[in-house]
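J.: need coordinates for the below:
(one chain, ligands or ions: 1)
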Amino acid sequence: MIENSYEEIIELEAKRQKENVELIASENYVSERVLKAAGSILTNKYAEGYPGKRYYGGCKYVDLIESKAIEDVCKLFNCKYANVQPHSGSSANQAVYRALINSGDTVMGMDLGAGGHLTHGHKMSFSGQDYNIVSYGIDTNGIINYEECERLLNEYNPQMLIVGASSYSRIIDYKKFRDIIEKYAVSHNGEKPYYMVDMAHVAGLVAGGVHPNPVPYADVVTSTTHKTLRGPRGGIILTNSEDIIKKINKTVFPGIQGGPLEHIIAAKGICFEEANTEDFKKYAKQVVSNAKAFANKFIEYGWKIISDGTDNHMFVLDVYNSIGITGKEVEEELDKINVTVNKNQTPNDILPPLKSSGVRIGTPAMTTKGWKEENFEKLANIIIEYLKLCKEGKQEEVQNKYKEEIQRIINNIK
Ligand code: PLP
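T.: Model prediction:
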């Protein structure tokens, strides 16, 4: 029996979020405006359908909210059409599969171990269960293997190619994938796969102009709104094709979802508005600069980072090959000094997923809190010293000292 009230538990989590250094690459802290909209009275309203075409009365204002969010996201990513109703990134991806291809069709996606997402074809997800999956990966330098992609495309003739990742620290060349597809079309009587980009991880960097925009190259782009984009938890689907948006809209509702979450759609709209500002551009730039400074510190000490660095908001630190402790152990030990990371498989990992050789480290959340390069460099020094002591089994004596040091970094920012 859990004795605390819900309110008390929320307070405890608020305290944890305040005191911890949040390095989970897919998390962020939303603004007060976003938070307020997400917790607003819009949650009371049913609005199955789309603006102007609802199955319920009283939708005058939620129509305005949803239409405005669509306008704002189209302006932000420079596209013609958008669906802002997906409840999550996974639902957005599922909608694209179901809208554009048939179950049993072949889909090419990035392997989970190489950095792809579960919904890009993993056997535990609907994608790997309902579709015939061909996975591509990265080369020995940790960079997407574009040549292998071209070869696999010609060998397996997929109906859809998915580009995008959950733990890939380099710029993705969306144009190169478009060129590969167009070359394929020339030798296949104009036939070509749908080109889907899942930009969930980098959407905020795209919005802030520090990562290329996939919209001009892909047929359809999906994203979450809660990672680098710094909005509420949710998904979106973007396209420049009228034909595709019609199919997507029918699939999102009534195909796979019921009533839209208009409170979350309002919060998404606010996040699109916020991401379309000079301040957000500065934020996106700082996220990348922080990640580079953070990663470089580990490299300086001879630790191994997949692809030897980062161009975006995150990197995967191969702790097992750097100091001989697993990603799981690092996740648990860092938690004891109030640093939150997640274990992550490395390419061709010899350890199982629940142990993993790596940890994924990201800078979006702490950059929102005002951290700069020097704060991340200090933190890297603490992590390196502490994990070395963990390896020797001497961590317990120093946990309080490191916790205090971390608190000092946090307090200095305020
Ligand atoms: N796509 C990518 C690339 C992701 O990294 C994630 C989440 O980690 C998702 C989709 C799924 O998003 P959600 O957790 O909202 O379903």
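J.: what's the closest non-adjacent residue to residue 25?
T.: residue 362 (2.6 Å; C-beta to C-beta, 6 or more residues apart in numbering). No exception for glycine: its C-beta is placed from N, CA and C like everyone else's.
J.: ok, what's across the strand from the one you found?
T.: Note on residue 362: beta-bridge partners by DSSP bridges are residue 314.
J.: give me every residue that touches it.
T.: Residue 362 makes contact with 23, 24, 25, 26, 27, 291, 313, 314, according to C-beta atoms under 8 Å, 6 or more residues apart in numbering.
J.: just those now: which is nearest residue 13?
T.: Checking the contacts of residue 362 against residue 13 with C-beta to C-beta, the nearest one is residue 27 at 12.6 Å.
J.: for residue 169, see how far away that closest one is.
T.: Residue 27 sits 17 Å away from residue 169, going by C-beta to C-beta, to the nearest Å.
J.: higher neighbour count, the two?
T.: Each of residue 27 and residue 169 has its neighbours counted (other C-beta atoms under 10 Å); residue 169 has more, 28 against 18.
J.: so which bits of the chain are right by the ligand?
T.: 26, 88-90, 93, 117, 119, 164-166, 198, 200-201, 224, 235 (C-beta under 6 Å from any ligand atom).
J.: which of those fall in strands?
T.: Among the residues of the chain next to the ligand, the ones falling in strands (DSSP state E) are 198, 224, 235.
J.: next up, the contacts around the last one.
T.: If you count contacts by C-beta under 8 Å, 6+ apart, residue 235 has them with 86, 87, 88, 89, 90, 91, 92, 93, 222, 223, 224, 225.
J.: pretty sure the last one contacts residue 236?
T.: Yes - the pair residue 225 / residue 236 is scored as a contact, 6.1 Å apart, by C-beta atoms under 8 Å.
J.: looking at those two, which one has more neighbours?
T.: A direct count of neighbours by other C-beta under 10 Å for residue 225 and residue 236 places residue 225 higher, at 32 against 28.
J.: which of the residues in stretch 172-179 are buried?
T.: Burial within stretch 172-179, assessed by neighbour count using 16 or more other C-beta atoms under 10 Å, is assigned to 172, 173, 174, 177, 178.
J.: relative to residue 178, how far out is the residue of the chain found nearest the ligand?
T.: Nearest residue of the chain to the ligand, counting by C-beta to the nearest ligand atom: residue 89, 2.5 Å away. Counting by C-beta to C-beta, the gap from residue 89 to residue 178 is 22 Å.
J.: which parts of the stretch 1-150 of the chain are strands?
T.: When assigned using DSSP state E, counting those that start in this stretch, the strands of the stretch 1-150 of the chain occupy the ranges 21-22, 49-50, 53-54, 81-83, 106-110, 132-136.
J.: check the stretch 201-350 of the chain too.
T.: Per DSSP E, counting those that start in this stretch, the stretch 201-350 of the chain carries strands over the ranges 220-224, 235-239, 304-305, 314-318, 339-340, 342-344.
J.: need these in JSON lines with mean pLDDT, can you?
T.: Below are the strands of the stretch 201-350 of the chain laid out as JSON lines (pLDDT from 0 to 100):
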{"stretch": "strand 220-224", "mean pLDDT": "98"}
{"stretch": "strand 235-239", "mean pLDDT": "98"}
{"stretch": "strand 304-305", "mean pLDDT": "96"}
{"stretch": "strand 314-318", "mean pLDDT": "97"}
{"stretch": "strand 339-340", "mean pLDDT": "96"}
{"stretch": "strand 342-344", "mean pLDDT": "95"}
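J.: what sits against residue 55?
T.: Under the criterion of C-beta under 8 Å, 6+ apart, the contact list for residue 55 reads 48, 49.
J.: got the domain boundaries for this structure?
T.: Domain assignment for the chain, taken from automatic domain parsing, gives 32-275, 278-411.
J.: out of the buried residues of stretch 172-179, the closest to residue 343 would be?
T.: The nearest one, if we look at the buried residues of stretch 172-179 relative to residue 343 and count by C-beta to C-beta, is residue 172, at 23.6 Å.
J.: give me the phi and psi for the closest one.
T.: phi -90, psi 130 (degrees, to the nearest 10).
J.: which residues does the residue of the chain closest to the ligand contact?
T.: By C-beta under 8 Å, 6+ apart, the neighbours of residue 89 are 117, 119, 198, 200, 222, 223, 224, 235.
J.: next, count neighbours for residue 141.
T.: Around residue 141 there are 10 residues (other C-beta under 10 Å).
J.: what's the answer for residue 32, then?
T.: 8.
J.: and the gap between it and residue 204?
T.: Residue 32 sits 18 Å away from residue 204, going by C-beta to C-beta.
J.: any idea where the helices of the stretch 201-350 of the chain begin and end?
T.: Secondary structure of the stretch 201-350 of the chain (DSSP state H, counting those that start in this stretch): helices at 203-207, 242-250, 262-275, 278-300, 319-323, 327-335.
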